[in-house]
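Asker: quick one, what's the 3D model for this:
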Amino acid sequence: MANLLCFAEGTSPVLTNNIDSALRTMQLVEAAYASSDHGGTIVPY
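Answerer: Model (predicted):
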């Protein structure tokens with residue numbers, strides 16, 4: 001995820017990971033937020 005953010009801001013010239021990996025990381029983070037708010041969430045993989 002850090003590499004994606006650095007690439008987006010222009011400080012890294014190359015994406016070292018697949019974009020799907022970053023997307024899945026963000027899905028997991030959002031699911032954790034929702035779980036914290038509502039008591040449980042299934043991560044859609």
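
Asker: got the residue ranges for the helices in the chain?
Answerer: 2-9, 19-38 (DSSP state H).

Asker: and of the ones you listed, who's closest to residue 44?
Answerer: helix 19-38 (6.8 Å; Cβ to Cβ). Every residue, glycine included, has its C-beta placed from N, CA and C.

Asker: buried residues in that closest one, which are they?
Answerer: Going by neighbour count (16 or more other Cβ atoms under 10 Å), the buried part of helix 19-38 is residue 22.

Asker: can you show me the CA trace of it as CSV?
Answerer: The C-alpha coordinates for helix 19-38 follow below in CSV (Å, rounded to 0.1, in the frame of the first residue of the first chain):
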residue,chain,number,x,y,z
ILE,A,19,-2.8,-3.0,-7.8
ASP,A,20,-5.2,-5.8,-6.7
SER,A,21,-3.0,-6.3,-3.6
ALA,A,22,-3.5,-2.7,-2.6
LEU,A,23,-7.2,-2.9,-3.2
ARG,A,24,-7.6,-6.0,-1.1
THR,A,25,-5.6,-4.3,1.7
MET,A,26,-8.0,-1.3,1.6
GLN,A,27,-11.0,-3.7,1.6
LEU,A,28,-9.6,-5.3,4.7
VAL,A,29,-9.0,-2.0,6.4
GLU,A,30,-12.6,-0.8,5.6
ALA,A,31,-14.0,-4.1,6.9
ALA,A,32,-12.1,-3.7,10.1
TYR,A,33,-13.6,-0.2,10.6
ALA,A,34,-17.1,-1.5,9.9
SER,A,35,-16.5,-4.4,12.2
SER,A,36,-15.5,-2.1,15.0
ASP,A,37,-18.6,0.0,14.5
HIS,A,38,-21.1,-2.8,14.0
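
Asker: centre-most residue in this protein?
Answerer: residue 26 (2.4 Å; Cα atoms, centre = their mean).
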